[in-house]
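Undergrad: sequence first, then the predicted structure:
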Amino acid sequence: MIMAARDATRWQLGLAATVAVVMFWAQPSLDPTVGLDPSWQAGLAMARDHHIAWGPDLVFTYGPLGFLQSSNYYFYGQSVLATFYQAGVVAALFLGIAAALRQRHGAPASLTGAFVTIGVTVFPHIGHGISLLSGHSALELAYPELGVLAAFTWASALLLHREPRRSTVLTTCAVLAAFAGFQMLVKISTGLVIAAMALGVSVLMDWRAIRRHCITIAAFAASLPMWWMLAGQRLGDLPTWLRYAGEIVAGYPDGMAAPPLPVSAVEAGLVTLAWAVALYAMVAFGSPTIPRRFVLLTGLTTTFVAKAAFGRFEPWHFGFFLGMMVVAVAITPLPWPRRPFVVAVIVCCAVSIDLSGSPAVREHAIALLQAPVHVADRLITLALPGRHEQRVDAAKKRQRALYAVPDRFIAAIGSTPVHIDPQEISAAWAYDLNWRPTPVFQTYPAWSPTLDKLNAESLTKRTPLVLSRISSTSPATGIDGRLGVQESPLYTRALLCDYKVSGVENRWALFARTDPRCGPLTPLSQIPIRQYDSVSIPAQNGPNTAILVGIDVDPDIKDRLFQGSVAPLTNFTVILDGVVYRLVAKNAAEPFLVTAPASAAGTNLQILAHRIGIGRSANLNQPEVTARLRFYEMRVNP
């Protein structure tokens, strides 16, 4: 009878988890669109389909399993595997919440609480969170982040147990560590958080259990290469990927911080501070019903999630933090009269973070209500023969109409390997091109000299053609107001020196590789500069010469701390002819174009500046910025 009761319980949990997936998988069946984010999602899907080697040939903030987080229909295999992963994450989160609640409540109450909690939790994880952009293309659930919450709930269920068995503790820690290895190949940062969580749980249960700590670490160390090879990658490429992926992740706070922070960041900071104070109070004063080890795990998870939320502050990033707060409060053994009040406060805070949140709240609610319809539509699309292919063909046709790449360019490319510059990777999918990208396949994450050099060397060795989407501004600008020729200076020089323009039409330029046509950099002058100064740029010595400048900035302690390392409050800027651009600080010392030769006309390489200055986006009661400008001349054969 005991076994029968257990089987019935498992059957009920399975049914409840299935219902939760149907009700709260607020994910419409998406047809791929164009833009910055859809393009890197297309790149992750094409990397799998084209069998591109991660590490030496590709590196990003996601890994070789990153295609699982996107519900867009790119390829049938990708869509099927993504469906299993996404439904599994939602089910694991629901079951984890139920397991944590089951430590203090009966089955009906724990399942009811799990349904309510997951409904509230997924709300800020839909698309662009609280400040949702209009249109279905924004309604993507943040599955890697939901995976972190799922791991947190299962770890919490163990810590909330009064006397868990040693075997249960060991199994939970090992499974979490193994999941971390898998998740790291989906999104690097979330895998690292779950790995820290697994080891943290082992230590919190008993810091003297050295054997269990070692098994936990070994489970992660074994899981990572196992899933790496199952993803079709060569084991020897794993260290290369870890090295360059670590470079991207380490540079993310500085590279993607977007100061000055909006007013909503102040509200978010106050919510975060109040949460931190509450956690400290629970640790300091204790509670007979709330284990300190659970509070410490919540604090550890809070640290990682808050870093991600404020690293590049946007309301939808902070939605991840709010989701963690909702889950933590829901499973904390608070007296029931207080729990609904606390959850209500968090929900009100979530809405107040964005003052224009009314349309977002409405669209989120609609997405949740339509979840069963979306699930049915997705399953039908994948099950009916030819339905998926029809959706893919229709999406490609729409993208080709939007991109309008000249027919002569497509004919010239044919089956020749081509790199898409700087970020519209979706064009390669829409036109069925033989995509052969640089390792950092969108230029903006190459925010360090190492990554910039990697792209420059790969470009000239591997890619015969480059199809470039021309910026609507001149000189070309990237995300966050970056100067296009400065964010990846070595890559830009490789494109100028080792390629020739085959044609420019309809905001597209086609480059073909040629023999090197640039001479060495010839120093012209070095000039010290202070903030608010404006220095004349040396004139060209003919149309076939380029003028470049390297900037050696002198950061003070506040610059080092508050350009993303601690908080994204300021960054350096470069001013060309009175126009302010964000300066990618780590790449600033490498000479970049300020005057391009005539051969760059009409492309993203075109620039003709006359005066240059430096500054900050925000001054934190700091002295004026000082730097040294190094001007160079370079001959470029036509």
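TA: Arrived safely.

Undergrad: what's the spacing between stretch 374-384 and its chain's center?
TA: On the basis of Cα atoms, centre = their mean, to the nearest Å, stretch 374-384 sits 27 Å off its chain's mean C-alpha point.

Undergrad: buried residues in that stretch?
TA: By neighbour count, with 16 or more other Cβ atoms under 10 Å as the criterion, the buried positions of stretch 374-384 are 374-375, 378, 381. C-beta: built from backbone N, CA, C; applies to glycine.

Undergrad: and stretch 311-331, by the same measure?
TA: 311-331.

Undergrad: among those residues, which ones are in helices?
TA: Counting by DSSP state H, these place 311, 315-331 in helices.

Undergrad: what stretches of the stretch 101-250 of the chain score poorly on pLDDT?
TA: The model of the stretch 101-250 of the chain has pLDDT under 70 over residues 124-140.

Undergrad: one more time with 90
TA: Applying pLDDT under 90 to the stretch 101-250 of the chain flags the ranges 101-143, 145, 160-166, 206-207, 246, 248-250.

Undergrad: quick one: the helices in it?
TA: 107-122, 143-160, 166-184, 188-205, 210-230, 238-256 (DSSP state H, counting those that start in this stretch).

Undergrad: next, count neighbours for the residue lying closest to residue 226 once chain neighbours are set aside.
TA: Nearest non-adjacent residue to residue 226, counting by Cβ to Cβ, 6 or more residues apart in numbering: residue 181, 7.3 Å away. Residue 181 has 22 neighbouring residues, counting by other Cβ atoms under 10 Å.

Undergrad: next: residue 285.
TA: By other Cβ under 10 Å, the residues close to residue 285 number 7.

Undergrad: roughly how far does it sit from residue 330?
TA: Noted for residue 285: a distance of 22 Å to residue 330, by Cβ to Cβ, to the nearest Å.

Undergrad: repeat for residue 74
TA: The value you get for residue 74 to residue 330, if Cβ to Cβ is used, is 35 Å.

Undergrad: how about residue 167?
TA: Using Cβ to Cβ, we find residue 167 at a distance of 28 Å from residue 330.

Undergrad: try residue 116
TA: Applying Cβ to Cβ to residue 116 and residue 330 gives a distance of 8 Å.

Undergrad: end-to-end on stretch 493-506?
TA: End-to-end distance for stretch 493-506: 24 Å, by Cα to Cα, to the nearest Å.

Undergrad: gap between it and the chain center?
TA: On Cα atoms, centre = their mean, the centre of stretch 493-506 falls 30 Å from the chain's centre.

Undergrad: can you report phi and psi for residue 508?
TA: Note on residue 508: its backbone torsions stand at phi -130, psi 140 [degrees, to the nearest 10].

Undergrad: swap in the one 5 residues further on?
TA: The phi/psi pair for residue 513 (degrees, to the nearest 10) reads phi -70, psi 140.

Undergrad: same check on residue 611?
TA: phi -140, psi 150.

Undergrad: tell me what it is bridged to.
TA: residue 536 (DSSP bridges).

Undergrad: OK, contacts around it?
TA: By Cβ atoms under 8 Å, 6 or more residues apart in numbering, the residues touching residue 611 are 534-537, 576-578.

Undergrad: try residue 540
TA: Counting by Cβ under 8 Å, 6+ apart, the residues that residue 540 touches are 546-547, 595, 597.

Undergrad: tell me the buried residues in the helix or strand hosting residue 632?
TA: In this assignment (DSSP states H and E), residue 632 forms part of strand 626-635. Neighbour counts over strand 626-635 (16+ other Cβ under 10 Å) mark 626-627, 629-635 as buried.

Undergrad: quick check: the farthest pair among the residues you listed?
TA: Spanning the widest gap among the buried residues of strand 626-635 are 626 and 635, at 31.5 Å by Cβ to Cβ.

Undergrad: where do the helices of the stretch 251-400 of the chain begin and end?
TA: Counting by DSSP H, counting those that start in this stretch, the helices of the stretch 251-400 of the chain are 263-285, 292-311, 315-331, 339-352, 358-369, 371-383, 387-403.

Undergrad: and the contacts of residue 540, which two are the farthest apart?
TA: 547 and 597 (9.6 Å).

Undergrad: next, count neighbours for the closest residue in space to residue 91 that isn't next to it in sequence.
TA: Nearest non-adjacent residue to residue 91, counting by Cβ to Cβ, 6+ apart: residue 17, 4.2 Å away. Residue 17: 21 surrounding residues under other Cβ under 10 Å.

Undergrad: quick check, residue 17 in contact with residue 95.
TA: Yes. The pair residue 17 and residue 95 qualifies as a contact (Cβ atoms under 8 Å) at a distance of 5.4 Å.

Undergrad: and whichever strand or helix holds residue 11, what's its mean pLDDT?
TA: With elements taken from DSSP H and E, the one containing residue 11 is helix 2-24. Averaged over helix 2-24, pLDDT sits at 69.

Undergrad: could you do stretch 509-518 as well?
TA: The average pLDDT for stretch 509-518 rounds to 94.

Undergrad: try stretch 574-581
TA: 94.

Undergrad: ok now that stretch, how far from the chain's centre?
TA: Taking mean C-alpha positions (Cα atoms, centre = their mean), stretch 574-581 and its chain are 28 Å apart.

Undergrad: contacts for that stretch next, please.
TA: The contact list for stretch 574-581 (Cβ under 8 Å, 6+ apart) reads 475, 477, 481-483, 486, 534, 551, 573, 583, 588, 594, 609-615.

Undergrad: put the alpha carbons of that stretch into PDB.
TA: What follows is stretch 574-581, C-alpha atoms only, in PDB (Å, rounded to 0.1, in the frame of the first residue of the first chain):
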ATOM      1  CA  VAL A 574      34.900  60.300 -27.000                       C
ATOM      2  CA  ILE A 575      33.700  63.500 -28.700                       C
ATOM      3  CA  LEU A 576      34.200  64.000 -32.400                       C
ATOM      4  CA  ASP A 577      33.200  67.300 -33.900                       C
ATOM      5  CA  GLY A 578      30.900  68.000 -31.000                       C
ATOM      6  CA  VAL A 579      29.100  64.600 -31.100                       C
ATOM      7  CA  VAL A 580      29.500  62.400 -28.000                       C
ATOM      8  CA  TYR A 581      30.100  58.600 -28.400                       C
END
